[in-house]
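S.K.: quick one: sequence plus predicted model below, questions after.
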Amino acid sequence: MTTQVDAVATARNLVRTAFQAALGTLDPETGAPHVSLVTVATMPDGSPILLLSDLAVHTRNLKADPRVSLLVTEPVRPGDPLALARVSIGGRIVRTDDETAYRRFLARHPDAAEYAAFPDFGIYVIEMEKAHLVAGFGRIVTLSGAEIGTDIADAEELLAAEEGSVAHMNEDHADALALYATRLGGAGAGEWRATGLDPEGIDLVAGHEAVRVPFPQRVRAGGPLRAVLVAMAKDARGM
């Protein structure tokens, strides 16, 4: 049986570690659903970020009707695909010029830098309203958008320092990031780098593998962040 706490953690992890998802939009002429494959990242509050072209059918659709659905699944592995955990997010999508959205998307998908600046491309963020999690047979839970998001209202200082903190960790502390990923996140060895952090954890990628490592306690500012990251590295080395 999946508890509400387990469900929230599972849904959040699926969204935070996703590289791709299925985007559902509505055809403005027929009202019929249209589903397409998109790449995805997340804002500090967990809202999905998409980089979309004006030439795509889904972009034409969402400009007429911003209601969308986004399906995120676990990475495919051998066996029954219906055994994979997945979450379907419903909400409204909006275009944004927020530099944080661009930065975090390109951190997750660096190859997209080749075309992200093209005039027909734009960054969009999904404002999550609800989520439907299927975590296995009989493990089905409906959640609100607020439940799977991260509250950032009290973390302005941390978010102001995020870009610099991520750059510093990637440039000077690659060994610590590898420890976080492998010892604390259960991931395999690789050239791990940070793509973002927020009050509740740090997001790491190595190639096309991603892992979310929660902080032991909520962090709201740069000073406490440094202390937590040092403590996590010590814990990982001691394991």
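M.R.: Perfect, thanks for sending it. Numbering: from 1, shown residues only.
S.K.: what residues sit buried inside the helix or strand hosting residue 90?
M.R.: Assigning secondary structure by DSSP states H and E places residue 90 in strand 86-96. Buried residues in strand 86-96, counting neighbours by 16 or more other CB atoms under 10 Å, are found at 86, 87, 88, 89, 90, 91, 93, 95, 96. Every residue, glycine included, has its C-beta placed from N, CA and C.
S.K.: same check, this time on stretch 21-34
M.R.: Taking 16+ other CB under 10 Å as the neighbour-count basis, stretch 21-34 is seen to contain the buried residues 21, 23, 24, 25, 26, 34.
S.K.: mind listing what the spatially closest residue to residue 176 that is not a sequence neighbour touches?
M.R.: Counting by CB to CB, 6 or more residues apart in numbering, residue 176 lies nearest to residue 233, which is 4.4 Å off, once chain neighbours are set aside. Neighbour list for residue 233: 173, 176, 179, 180 [criterion: CB atoms under 8 Å, 6 or more residues apart in numbering].
S.K.: what about those, which are in helices?
M.R.: Under the assignment DSSP state H, the contacts of residue 233 contribute 176, 179 to helices.
S.K.: who wins for neighbours among the contacts of residue 233?
M.R.: residue 180 (24 neighbours; other CB atoms under 10 Å).
S.K.: thought residue 203 was touching that residue, still the case?
M.R.: No: between residue 180 and residue 203 no contact is recorded; they are 10.4 Å apart, counting by CB atoms under 8 Å.
S.K.: so what's the residue count around residue 114?
M.R.: Neighbourhood size, residue 114 [other CB under 10 Å]: 8.
S.K.: got the domain ranges for the chain?
M.R.: The chain breaks down into these domains under automatic domain parsing: 4-148, 156-238.
S.K.: would you reformat the ones you listed as CSV and include mean pLDDT?
M.R.: Below are these laid out as CSV (pLDDT from 0 to 100):
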stretch, mean pLDDT
domain 4-148, 95
domain 156-238, 96
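S.K.: what's the host helix or strand of residue 125 packed up against?
M.R.: Element membership of residue 125 [criterion: DSSP H and E] is strand 121-134. Applying 3 or more CB pairs under 8 Å, 6 or more residues apart in numbering; DSSP states H and E, we find strand 121-134 packed against helix 4-16, strand 48-53, strand 86-96, helix 99-108, strand 140-144, helix 145-148.
S.K.: ok now that strand, how far from the chain's centre?
M.R.: In terms of CA atoms, centre = their mean, to the nearest Å, the centre of strand 121-134 is set 10 Å apart from its chain centre.
S.K.: between it and strand 140-144, how many degrees?
M.R.: Here strand 121-134 runs at 130 degrees with respect to strand 140-144, directions being taken by axes from the mean of the first three to the mean of the last three CA atoms, to 10 degrees.
S.K.: and of the buried residues of stretch 21-34, the nearest to residue 131?
M.R.: Checking these against residue 131 with CB to CB, the nearest one is residue 21 at 12.6 Å.
S.K.: for stretch 166-181, measure first residue to last.
M.R.: 15 Å (CA to CA, to the nearest Å).
S.K.: contact partners of it?
M.R.: Under CB under 8 Å, 6+ apart, the answer for stretch 166-181 is 107, 187, 189-197, 202, 204, 206, 211, 213, 229, 232-233, 236-237.
S.K.: try 7 Å this time
M.R.: Residues outside stretch 166-181 that contact it (CB atoms under 7 Å, 6 or more residues apart in numbering): 187, 192-194, 196-197, 202, 204, 206, 211, 213, 229, 232-233, 236-237.
S.K.: from those, which two are the most distant?
M.R.: So for these, where distance means CB to CB, the most widely separated pair is 196 and 237, at 23.8 Å.
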